[in-house]
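**Student:** sequence below, structure please.
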Amino acid sequence: MKRLLVAVVVAWLAASGVSPALADDGDEARIVRSAALVGEQVVLQLKVVAPIGATVEVDPGLPSWNGVEVVRVASASQRNQDGRTVHTIELVVAGFIPGDTTFRPAVSVTADAVSITRELPGVALKVIPTLRANDPNELSVLPGPSAIDGAESPWLRPAIGLGVVVGVAIVLAALAFGVRAFVRVLRRPKPVFEGPGVVHGLGDAEDVIESDPVGAYRTLASAVRTVIAERYGFPAFALTTRELERRMESEGVERWQARLVGGLLEECDAVVYAGYRPANERRQADLTMAREIVEVAGT
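**Tutor:** Numbering: from 1, shown residues only. Sure thing, here's the model as predicted:
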């Protein structure tokens, strides 16, 4: 099992160092609107032609995006045509560099355990600044306070006093509730680790990974976060995927393991929250990687 993990890591790291390839015949990139304000969200439609059985993922970290950020994956579908698979991906993006710009969307195509980064045809986008031409690039000074007519209400001071009393009572009640909750947590028995297949429910994910990918990937993410929290003492469920990856590296966890965890959790987020549906081969590979992470972290 550990040999399989090493092979997966080597293939992934090797793919990370490959230079971006040019767009393939049939690749398309089209933006719904050619102009938008800074930070305004627009729809970007991608069509990627790949071999049958290959998986296609958006790679938003390359410089070819030229200041255009990927907000989320709106939809993803695929169909077979002329011996190849046409992947259609709809993204929500936003530009942050004012002016006329041309960017090239980048995707990662994985076939036969080898990933190649491909840049799609360039897309023109005019990013309109929200400031006017002569506006200073700084915050303006607020006008000073002005006096108003009318005397102070006779009920103002009693109302303030009553509000202070009520506020103190609420704070004391909240403090007492917090102390009681903290004491209950301290008295709660710690869960006993009985193995990844039982405690973390990976067997349940395997049963429904084809029929219910959202539930299966939610189980995978929960299992990985649980074992990371138990093994390293991180508040894994309180951290985002990127925060958890950085926390693991800063605490001395091997970098390749932190990257594997981060990559799998990003895949889970895309399936659960962004509507991404990977191919069955990719689902089984993600399930295998989750088992490897749980077994390595649990030893």
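
**Student:** okay, now the unreliable bits of this structure?
**Tutor:** Along the chain, the model assigns pLDDT under 70 to residues 1-24, 137, 139-140, 149-152, 185-201, 298-299.

**Student:** show me which helix runs longest in it.
**Tutor:** Ordering each helix of the chain by length in residues (DSSP state H) puts helix 156-187 first.

**Student:** burial measure for Arg218, as a count.
**Tutor:** Other residues near Arg218 number 17, with proximity taken as other C-beta atoms under 10 Å. In short, each C-beta sits where N, CA and C put it, glycine included.

**Student:** quick one, what contacts it?
**Tutor:** With C-beta atoms under 8 Å, 6 or more residues apart in numbering as the criterion, the residues that contact Arg218 are Cys268, Val272.

**Student:** can you confirm it is in a strand?
**Tutor:** No. Assigned with DSSP: H, G, I helix; E, B strand; the rest coil, Arg218 falls outside any strand and is helix.

**Student:** how much space between it and Ala205?
**Tutor:** 9 Å (C-beta to C-beta, to the nearest Å).

**Student:** please enumerate the strands of the stretch 51-200 of the chain.
**Tutor:** Secondary structure of the stretch 51-200 of the chain by DSSP state E, counting those that start in this stretch: the strands cover 55-58, 68-81, 84-95, 99-103, 106-111, 114-119, 123-128.

**Student:** of these, flag the one that's most buried.
**Tutor:** Per residue and on average, the most neighbours among these fall to strand 55-58, with a mean of 22 (mean count of other C-beta atoms under 10 Å).

**Student:** surely Ala36 forms part of a strand?
**Tutor:** Yes. Per three-state DSSP, Ala36 lies within a strand segment.

**Student:** so who does Gly262 touch?
**Tutor:** Each residue near Gly262 by C-beta under 8 Å, 6+ apart is listed here: Thr241, Arg242, Leu244, Glu245.

**Student:** same question but for Val86, I mixed them up
**Tutor:** Contacts of Val86 (C-beta under 8 Å, 6+ apart): Gly26, Lys47, Val48, Val49, Gln78, Arg79, Asn80.

**Student:** who does it bridge with?
**Tutor:** According to DSSP bridges, the partner residues bridging Val86 are Val49, Arg79.

**Student:** for the one 5 residues further on, same thing?
**Tutor:** Going by DSSP bridges, Leu91 is paired in beta bridges with Leu44, Val73.

**Student:** and the closest residue to Val70 other than its chain neighbours, how many neighbours?
**Tutor:** Among residues not flanking Val70 along the chain, Pro60 sits closest, at 4.0 Å (C-beta to C-beta, 6 or more residues apart in numbering). For Pro60, the neighbour count with other C-beta under 10 Å is 15.
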